[in-house]
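Asks: Please work out how this folds:
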Amino acid sequence: MRTKLSLCVLLCLAVVTGCRQPGFPANAGNLTAVPAPVTTQLPAAHVYIGVYERGVPQSYSQIETFAKTIGHQPRLVLYFSGWGEQFQAKFAQQARSHGAIPLVQMNPTNISLTDIAAGIYDTYLTSFADQVRAYRHPVVIGFAHEMNGWWYSWGYGHTSPRVWVAAWRHVVTVFRRQGADNVTWMWTIDRNPRTISAVPRYWPGAAYVDWVGIDGYYFKPTDNFQGILAPVIKTVRKFTRDPIFLGEVGIGQVAGQAAKIPDLLAGVRRYHLLGFLWYDVAQHGGLYHQVWRLEGDPAAISVFRRGVAQMVAAGR
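Replies: Below you'll find the predicted structure:
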């Protein structure tokens, strides 16, 4: 009897303390370490107006200025997360206090996607996922966006679609394993016409994607929705019916903001998109020497305010 009682005590201690005993798995003490998932999926029936501003996530002030400018609180606020950076919970709480949802683009700059897919970075991903889960409110996350472009280290010509898909699936799997089900996964491509035929090869499958994001900008006076964004929307619709959101969009002042904003909003309605995120910055140098900002253009602001108000009131 004493022998059996001692054995029972030892087994109980093994489970409580996590010490490994013969016949027990190495993680026996962590069997309940992953808490129950938090499920907070975003409804696709809403209209989402978003914005990106310089200075985020360290500051929310420019987003507040943008909200006052357009007469509407953005529902999505974007920030870019460098590889190794933790989830910006303080920024997420600021966004929530303004009625907004954080949209995080995780950028694995100069990181091997093969290593990510193989689990080499699981400690980091697990930590990030746990922080997102602890936030307990909706978060939209993208990973290695605009992969059909060549300007990022993970993109076209640098990483094969097969490896990219494996890395995406692994990242999503880690988050789900940790119970971070408050994430809406947004798979984001660029409207680049030179690589549009490659887009389907990067599709990770419906089980790993909630929203499709498309990035595209108006550079020239001749640019319009049908020429810039419609072709890639039609390509996407050949392999998925997932909701589409314009993850980054801007109309350069050279293109004529006030004249082209109605065209953009009409395209969002025509193709029944979730909405769009305005890239409210000025860029300098090369092809991207453009001013996307609305501030400073009274005519553009007026058209934008009126159009957004009508879109929100109509539900699209």
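Asks: Who are the packing partners of the helix or strand containing residue 247?
Replies: Using DSSP states H and E, residue 247 maps to strand 244-251. Applying 3 or more Cβ pairs under 8 Å, 6 or more residues apart in numbering; DSSP states H and E, we find strand 244-251 packed against strand 183-190, strand 211-218, helix 257-270, strand 275-279. C-beta: built from backbone N, CA, C; applies to glycine.
Asks: Run the angle between it and helix 257-270 for me.
Replies: Using axes from the mean of the first three to the mean of the last three Cα atoms, to 10 degrees, the inter-axis angle of strand 244-251 relative to helix 257-270 is 170 degrees.
Asks: So which residues make contact with strand 244-251?
Replies: By Cβ atoms under 8 Å, 6 or more residues apart in numbering, the list of residues contacting strand 244-251 from outside reads 48, 52, 78, 103, 142, 145, 186, 188, 211-218, 229, 233, 236, 257, 260-261, 264, 268, 271, 273-280, 290, 292, 300.
Asks: picking that back up, nearest to residue 63, of the helices and strands packed on strand 244-251?
Replies: For residue 63, the closest of the helices and strands packed on strand 244-251 is strand 275-279, at 11.0 Å, according to Cβ to Cβ.
Asks: which residues are in contact with that closest one?
Replies: Residues from elsewhere that reach strand 275-279 (Cβ under 8 Å, 6+ apart): 46-52, 66, 75-76, 78, 103, 217, 245-250, 264, 268, 292, 294, 311.
Asks: Also stretch 162-178?
Replies: With Cβ under 8 Å, 6+ apart as the contact definition, stretch 162-178 has outside contacts at 34, 37, 106, 108, 113-114, 116-117, 119, 122, 125-126, 129-130, 132-133, 141, 143-144, 147, 154, 183, 185, 187, 202-205, 208.
Asks: Inside helices: which ones of these?
Replies: Counting by DSSP state H, those place 113, 114, 116, 117, 122, 125, 126, 129, 130, 132, 133 in helices.
Asks: what about the last one, neighbour count?
Replies: By the criterion of other Cβ atoms under 10 Å, residue 133 has 22 neighbours.
Asks: which ones are touching the residue nearest to residue 65 when sequence neighbours are not counted?
Replies: Among residues not flanking residue 65 along the chain, residue 295 sits closest, at 7.2 Å (Cβ to Cβ, 6 or more residues apart in numbering). By Cβ under 8 Å, 6+ apart, residue 295 lies in contact with 65, 66, 69, 280, 301.
Asks: cool, residue 219 as well?
Replies: Residues near residue 219 by Cβ under 8 Å, 6+ apart: 252, 254, 255, 287, 290.
Asks: how close does the last one sit to residue 305?
Replies: This points to residue 290. 22 Å (Cβ to Cβ, to the nearest Å).
Asks: Tell me which of the two has more neighbours.
Replies: residue 290 (21 against 16).
Asks: give me phi/psi at that one?
Replies: Dihedral angles of residue 290 (phi, psi; degrees, to the nearest 10) stand at phi -140, psi 150.
Asks: Tell me where the stretch 1-150 of the chain has strands.
Replies: Assigned by DSSP state E, counting those that start in this stretch, the strands in the stretch 1-150 of the chain fall at 48-52, 76-82, 101-107, 139-143.
Asks: And those: which comes nearest residue 58?
Replies: For the strands of the stretch 1-150 of the chain, the distance to residue 58 is smallest for strand 76-82, at 9.2 Å, taking Cβ to Cβ.
Asks: For the closest one, name the packing helices and strands.
Replies: strand 48-52, strand 101-107, strand 275-279.
Asks: now the angle between strand 101-107 and it, please.
Replies: Using the same axes, to 10 degrees: strand 76-82 against strand 101-107 is 30 degrees.
Asks: by how many degrees do strand 76-82 and strand 183-190 diverge?
Replies: Going by the same axes, to 10 degrees, strand 76-82 makes 80 degrees with strand 183-190.
Asks: ok, and for strand 76-82, which residues are buried?
Replies: For strand 76-82, the neighbour count (16 or more other Cβ atoms under 10 Å) marks 76, 77, 78, 79, 80, 81 as buried.
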